[in-house]
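Peer 1: give the three-dimensional model of this entry:
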Amino acid sequence: MKAIWNNQVIAESDATVVVEGNHYFPRSSVKAEYLAESGTHSTCPWKGQASYFSLSVDGQTNPDAAWYYPQPKDAAKNITGHVAFWKGVKVQA
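Peer 2: Model (predicted):
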């Protein structure tokens, strides 16, 4: 699977974990140079508190376009160390 935004591959992996229709990429497969920590957080009742990254590619920014669970609840332990995308990021095979 690939995550693509602004004509750049942000992440690529054969080992994504699919939860609620979202592909979670191993953190090691995400290109760190495109990520910027965000102060945004949200809470899922069964996964826990999510943190966000904004994407920065070729001078353009996509705020809070990636999320992850630093310490997911037990029901979502399989996404520990994984990142998912939205807000116009294309995830495709």
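Peer 1: strands of the protein, start to end?
Peer 2: Assigned by DSSP state E, the strands in the chain fall at 2-5, 8-12, 17-19, 22-26, 35-44, 48-57, 60-68, 82-85, 90-92.
Peer 1: turn those into a markdown table, columns for mean pLDDT.
Peer 2: Output for those, formatted as a markdown table (pLDDT from 0 to 100):
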| stretch | mean pLDDT |
| --- | --- |
| strand 2-5 | 98 |
| strand 8-12 | 98 |
| strand 17-19 | 97 |
| strand 22-26 | 98 |
| strand 35-44 | 98 |
| strand 48-57 | 98 |
| strand 60-68 | 98 |
| strand 82-85 | 98 |
| strand 90-92 | 98 |
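Peer 1: so which of these is nearest Asp74?
Peer 2: Evaluated with C-beta to C-beta, the strands of the chain place strand 48-57 nearest to Asp74, the distance being 9.3 Å. C-betas here are computed from N, CA, C, even on glycine.
Peer 1: related to what we said a few turns ago, please identify the most buried of the strands of the chain.
Peer 2: Ranked by mean neighbour count, the strands of the chain are led by strand 82-85 with a mean of 25 (mean count of other C-beta atoms under 10 Å).
Peer 1: ok, and what's touching it?
Peer 2: 3, 5, 10-11, 16-17, 19, 22-27, 30, 53, 65-69, 91 (C-beta atoms under 8 Å, 6 or more residues apart in numbering).
Peer 1: what sits against the nearest residue to Lys73 once chain neighbours are set aside?
Peer 2: Of all residues not flanking Lys73 in the chain, Gly48 sits nearest, at 4.4 Å (C-beta to C-beta, 6 or more residues apart in numbering). Contact analysis of Gly48 by C-beta under 8 Å, 6+ apart lists 69, 71-73, 76.
Peer 1: Gly48 bridge partners, please.
Peer 2: Bridge pairing for Gly48 (DSSP bridges) gives the partners Cys44.
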